[in-house]
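Enquirer: Test case, fold it:
(one chain, ligands or ions: 2)
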Amino acid sequence: MLRLENLSVSIGGKRILDKLNISFGNGIHAVMGPNGSGKSTLAKAIMGLQEYSGSIYFEGKNIDKLSIEKRAQMGIFQLFQHTPHLPGISLFDIFRTLMKDKKPMEIMDMLEKASSKAGLNIAYITKPIDKTWSGGELKKAEMVQMLLLKPKIVISDEIDAGVDVDSLKRIMELIMESKAETVIFISHIPATIERLKPDGITVLKQGKVVAKGKMEMLEKIKKKGYEGF
Ligand code: ADP
Ligand code: MG
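Expert: Numbering: from 1, shown residues only. Ligands and ions are numbered 1, 2, ... in the order given. Below is the predicted model:
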């Protein structure tokens, strides 16, 4: 579904990602690694938020020249480690722009259903996504977008960083319910990955893939940390 070929990123002369070759097929893939190993940079490169060299193929098609918007339209969706605020713009505004063929009432109805699934107070649908939103509320807004956009690939970047355990559990359930064919789930926390039960685990360190494996990899990480790689 998604294939990275010699994917490299350099920023200010520093090599952040070094010739990554990874295939993410249908299923759930964990990407683990210590802080600063390049996990967020990898997510951004796939989404088109970060310049890179090498190639990314989505469903066999090279997407290197495609904008963020095009990649999103193709079905690539990112959940951010730090969800950006959108001052002056509400969920309703976003979906009115995206779904021009639908009546405002229909959009409101879809948003209300998705919000109650995501646990977001429906009063927030028309509220600008500004600094008054808590981390948990911002994550719920992202869930609403994910549920309505029905992406083919969800890239989830350390969503376990700023949410409580119950919210995390719910968010993980919703990612599974989204029916995305491929989930790339980034986390450095073994307990999160234990709960996720991914089909495969890729370990990044200093911008390189240092290990690929399955659940047994977690034992090594739990015992020796990332220093063991
Ligand atoms: P992770 O998500 O695994 O913690 P990141 O992808 O955020 O790692 O960062 C990897 C490395 O790249 C870090 O050393 C970080 O400081 C560096 N880095 C990331 N973005 C930038 C940037 N815009 N400018 C300079 N250095 C950056
Ligand atoms: Mg990160």
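Enquirer: OK, now which residue of the protein is nearest to ligand 2?
Expert: Using CB to the ion, the closest approach of the chain to ligand 2 is made by Ser40 at 3.1 Å. (Each C-beta comes from the backbone N, C-alpha and C, glycine too.)
Enquirer: okay, that residue: pLDDT?
Expert: The predicted structure scores Ser40 at 96 on the pLDDT scale.
Enquirer: buried ones in whichever strand or helix holds it?
Expert: Taking DSSP states H and E as the criterion, Ser40 maps to helix 39-47. By 16 or more other CB atoms under 10 Å, the buried positions in helix 39-47 come out as 39-47.
Enquirer: check whether stretch 4-24 contacts ligand 2.
Expert: No: using CB under 5 Å from the ion, stretch 4-24 never reaches ligand 2; the gap is at least 11.2 Å.
Enquirer: and the end-to-end length of that stretch?
Expert: According to CA to CA, to the nearest Å, stretch 4-24 extends 8 Å from its N-terminal end residue to its C-terminal end residue.
Enquirer: re the thing from before, what is the helix holding Ser40 packed up against?
Expert: With contacts taken as 3 or more CB pairs under 8 Å, 6 or more residues apart in numbering; DSSP states H and E, helix 39-47 sits against strand 2-11, strand 14-24, strand 27-32, helix 68-74, strand 76-79, strand 153-157, strand 182-186.
Enquirer: any idea how far the helix or strand just after that helix is from the chain center?
Expert: Following the chain from helix 39-47 toward its C-terminal end, the next helix or strand by DSSP H and E is strand 53-58. Using CA atoms, centre = their mean, to the nearest Å, the distance from the centre of strand 53-58 to the centre of the chain it belongs to is 18 Å.
Enquirer: partners of strand 53-58, with directions?
Expert: Taking DSSP bridges as the criterion, strand 53-58 sits next to strand 2-11 (antiparallel), strand 61-62 (antiparallel) in its sheet.
Enquirer: Wait, Ile107 touches Phe95, no?
Expert: Yes: counting by CB atoms under 8 Å, Ile107 sits close enough to Phe95 to count as a contact (5.0 Å).
Enquirer: Next up, the contacts around the residue of the chain closest to ligand 2.
Expert: Neighbour list for Ser40: 81, 157-158, 186 [criterion: CB atoms under 8 Å, 6 or more residues apart in numbering].
Enquirer: one more time with 10 Å, if that's ok
Expert: 16, 49-50, 80-82, 157-158, 186 (CB atoms under 10 Å, 6 or more residues apart in numbering).
Enquirer: Nearest to Met172, out of the strands paired with strand 53-58?
Expert: Each of the strands paired with strand 53-58 was scored for nearness to Met172 using CB to CB, and the closest is strand 2-11 (20.1 Å).
Enquirer: In the closest one, which residues are buried?
Expert: 2-4, 7-9.
Enquirer: Flag every residue of this protein that's near ligand 1.
Expert: Within the chain, the positions lying close to ligand 1 (CB under 6 Å from any ligand atom) are 11-12, 16, 33, 35-41.
Enquirer: Which one of these is nearest to Phe229?
Expert: Taking the residues of the chain next to ligand 1 together and measuring to Phe229 by CB to CB, the closest member is Gly33, at 8.6 Å.
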